[in-house]
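Undergrad: The following block contains a protein sequence and its predicted model.
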Amino acid sequence: MGDPSMATTRETYSPFTLTLHWVTAALVLTQPLLVWLSEEMSREDKSQWIGVHKSIGATLLILTLIRLSSRLAGNKAIPLPESTPDWQKLFARATHVLFYVLLIAMPLVGWAGSTAFGREVVWFGLFQLPPLPFVPEDREFGGSLMGLHKYAGYTLVTLVVLHILGGLTHYFVNKDNVLQRMLPFLPRRDQAIEPARHEVV
């Protein structure tokens, strides 16, 4: 077995983890754009774009389950620097947990909504996903599910913005190397901010 201390001494994530992260990020940012663009289209074109939206949602569900399985298998997140304030550590942990919850729940809710409306979910035109069991065909129920899906989307976009701001804060304010873990090409910081700077006087 490997040295357990490697979990805390490694400074960047593996290519596998980096690829999962950035592919997921790109797909997440694509989703609201697809919905926004489809609003001005004809009924037929809108249906095609929403079909792509559903396919990406199913892909995000699979990628998130792979990431979660990787974490559970021992590929843990790199701890934040000791100098990071406790409230930032707590906020970061809560944000990541909520990311996982939303990236699993949103595709499932959207899938359930399609089932309730009696609509197909076809993955990039290759194969059709089966209707979710125990979800009745009920348009009113489907509307409620889609409303939940929509507001969960707003929450996810907000989390993405906060996540980006957090990374920039680490780089420009805390002056540590947290952002380089996901962007290894960035210049490294020689020293992280001292813990004393976070103390309330």
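TA: Ah, there it is. For clarity, every value in this text was computed on a predicted model and none was experimentally measured.
Undergrad: Find the nearest non-adjacent residue to Gly110, please.
TA: Excluding the flanking residues, the one nearest Gly110 by CB to CB, 6 or more residues apart in numbering is His149, at 4.9 Å. C-beta: built from backbone N, CA, C; applies to glycine.
Undergrad: Sketch out the low-pLDDT regions of this structure for me.
TA: By pLDDT under 70, the weakly predicted segments of the chain are 1-10, 190-201.
Undergrad: all helices of it, in order?
TA: All helices of the chain, identified by DSSP state H, fall at 6-9, 15-38, 43-72, 86-117, 139-169.
Undergrad: Most tightly packed of the ones you listed?
TA: Highest mean neighbour count of the helices of the chain: helix 86-117, a mean of 17 (counted as mean count of other CB atoms under 10 Å).
Undergrad: Give me the angle between that helix and helix 43-72.
TA: With axes from the mean of the first three to the mean of the last three CA atoms, to 10 degrees applied, the angle from helix 86-117 to helix 43-72 works out at 130 degrees.
Undergrad: Which other helices and strands does helix 86-117 contact?
TA: Contacts defined by 3 or more CB pairs under 8 Å, 6 or more residues apart in numbering; DSSP states H and E place helix 86-117 against helix 43-72, helix 139-169.
Undergrad: Okay, angle between the shortest one and helix 139-169 too, please.
TA: Angle between the axes of helix 43-72 and helix 139-169 is 60 degrees (criterion: the same axes, to 10 degrees).
Undergrad: And helix 43-72, what does it pack against?
TA: Helix 43-72 packs on helix 15-38, helix 86-117, strand 121-123, going by 3+ CB pairs under 8 Å, 6+ apart.
Undergrad: Output these as CSV; include the columns distance to Met182.
TA: Converted to CSV, the helices and strands packed on helix 43-72 look like this (distance: least, CB to CB, whole Å):
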stretch, distance to Met182
helix 15-38, 6
helix 86-117, 13
strand 121-123, 28
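Undergrad: closest one to Leu61 among the ones you listed?
TA: Smallest distance to Leu61 across the helices and strands packed on helix 43-72 (CB to CB): 3.9 Å, for helix 86-117.
Undergrad: so who does the residue most central in space within the chain touch?
TA: For the chain, Phe99 is the residue whose C-alpha lies nearest the centre (CA atoms, centre = their mean; 4.9 Å). Neighbouring residues of Phe99 by CB atoms under 8 Å, 6 or more residues apart in numbering: Leu156, Leu159, His163.
Undergrad: how close does it get to Ala25?
TA: According to CB to CB, to the nearest Å, Phe99 and Ala25 sit 10 Å apart.
Undergrad: give the contact list for Pro184.
TA: Thr12, Leu18.
Undergrad: quick revisit: for Phe185, find the nearest of the helices of the chain.
TA: Counting by CB to CB, Phe185 lies closest to helix 15-38 out of these; the figure is 11.2 Å.
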